[in-house]
Structures are given as structure tokens and as C-alpha cells.
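Colleague: Pasting the sequence and the predicted coordinates here, then a few questions.
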Amino acid sequence: MPEVKVDETLPLWVFFVATLALAVGTTEVGFRIGRLWQRLRPHQGDEAGGVMVGATLTLLAFFLAFLMGMATNRFDGRRALVMEEANAIGTVWLRAGYLPDTYSALIRFPVEAYTAQRLRLENDHQRADALDQSNRLMKQVWTHTQDVVRAYPNSQSVSLFVASVNEMMDLGSRRAVSFETWPIPWSIWMTIYFAVVLTMMLVGLHAGITNDRNALEVVVLGLVLAVVLNLIIDLDRPNDGMLTVSQAPLLDLLQQQAFFAR
């Protein structure tokens, strides 16, 4: 069963506003429950409430740090994959120059087209077509590679070329899979937001029982949670928002291919 992911069509500001409203709203609900509890049991204090609030906020901070680390590692992994794939494609294109002229031209053309298609992967709307085109071009490259091996089975240059093609294929598969398997699973998002709701409700409950609520503190805490969670969502969506995976390595490779092909 595939893992459900956060909807990537919603703008990031929607998550920010929703998180802020959820944090402040649940605090208000907790406050009202606390006031009701105080009216029903006026002589019962909340001596341990402050300690529980502090411990819960600490635990929530730990969860957020864990989630931030997960998102950062995956973001860095995606960025590294782009660089590695660009290097692998560039190696194939250069080593194709070792081959006889006929095979060199046959292989370099689909490799150049393949490079352009890999740039389109970062567009959510073009990804499916880009993957189909990439697979078609990779099949052409592999077919020509097999022909070269049959024609020159003992050539050292051909052996190096085949190794570079294998690496390009492996990295291409890894990058394609990363779009489906690397986003943070929906179950983790549900857990962190459940923790936010319980924590903010406990904050409001304690304020209601002690009748000591500071609206500014609640709003500031809600803003901090919204900003941190929005940053994590931004990291988990590398093609949208302020933090995006740079495609500079592939763009530079296209320019190099055009330069050497003159």
C-alpha cells in the first residue's frame, strides 16, 4: 500500500495560516475547558500543571527537531542526486567521444535529449511525461550501447563507457524513485499535528484553571510553531516555496554539451 503524502498542490501560506489557527484555536478550547473545570471545582488547584506544560512543550520541541532533521536530510539527498546524476550523464556524453564516430553521434544525441528531460522532473505537472521521455531515450542509449559492445567486445574504452552508462541508469532510477518515496509520510505529519493540538490545549487548560492567560504569548507560540512547521513543509517540497533544489548542475551540463558539440 503506497504511503499517503501531504497535498503538494496547496500553497505554503495555507499551511501557515491553518497551523496558526489550529494552535491558537486549540489553546482557546483548552482555556474554556479549564475555566469550566475551575467553576465546577473551585478548590482544586493545578500545582502540577505548569510542570506538565513545560514537559509537553519540551517533548514537542524534540518532535519538531526530529522532523526538521528528517526533512533536511532528504532535501540534501535530493540536491546531491541532481549533482550526481549530472556528473554521470556528463561522463557518458564525454566517454561517447571515445567510440567510433558513427556510434558517438548516435549516442550523444539521445544523451543530450535525456539531459533536457531530467530538468523537467522538478516540475510537478511535467514529471510524468518527463519520466516517460527519459525512459524512451535511455532505451535508445542502451540499445546503441549493446551494439557497440557487440562490435568491439574487447575494447577498454567500450568497457569504461558501459560502466558510465550503468551508473547513469542507476542514478536515474534512484532520482525517479525519490519523488515518490522520499517525502515525509502522512502518518508522521498526523503525529506531529496531534502533538501540537494536545500541547496547545494543555497550555490553554492550565491558563484556564489558574485564570492566568496571556494572549500575546499564545499568539507568539502559535506563530513559532507555524513558522517551524512551514519551514519543514518547504524542505519536504523541494520544487515549491522558498527552498528549492537547484538544477544548476544539469543546466551547466546542457551548456557544456552545446559548447563541445559546436
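Modeller: Alright, I've got the coordinates.
Colleague: Identify the residues contacting the helix or strand T102 falls within?
Modeller: Assigning secondary structure by DSSP states H and E places T102 in helix 101-119. The set of residues that contact helix 101-119 without belonging to it, under C-beta atoms under 8 Å, 6 or more residues apart in numbering, is 85-86, 89, 92-93, 96-99, 130, 133-134, 137-138, 140-141, 144-145, 147-148, 151, 172, 175, 247, 250-251, 253-254, 257, 261. Every residue, glycine included, has its C-beta placed from N, CA and C.
Colleague: What subset of those is buried?
Modeller: 85-86, 89, 92-93, 96, 99, 130, 133-134, 137-138, 140-141, 144-145, 148, 172, 175, 247, 250, 253-254, 257 (16 or more other C-beta atoms under 10 Å).
Colleague: Let's see which of those end up in helices.
Modeller: Among the buried ones among the contacts of helix 101-119, the members falling in helices (DSSP state H) are 85-86, 89, 92-93, 130, 133-134, 137-138, 140-141, 144-145, 148, 172, 175, 250, 253-254, 257.
Colleague: Surely I188 touches L67?
Modeller: Yes: with contact defined as C-beta atoms under 8 Å, I188 and L67 form a contacting pair (6.9 Å).
Colleague: Who has more neighbours out of the two?
Modeller: Under the neighbour definition other C-beta atoms under 10 Å, I188 and L67 were set side by side, and L67 has more, 21 against 15.
Colleague: ok, now which ones touch Q156?
Modeller: Q156 sits in contact with no residue, where contact means C-beta under 8 Å, 6+ apart.
Colleague: Next, give phi and psi for S155.
Modeller: Reported as degrees, to the nearest 10, the phi and psi values for S155 are phi -80, psi 130.
Colleague: Model confidence for the closest residue to V141 other than its chain neighbours, exactly?
Modeller: Setting aside the residues directly before and after it, V141 is nearest to P110 in space (C-beta to C-beta, 6 or more residues apart in numbering), at 5.2 Å. According to the prediction, P110 has pLDDT 94.
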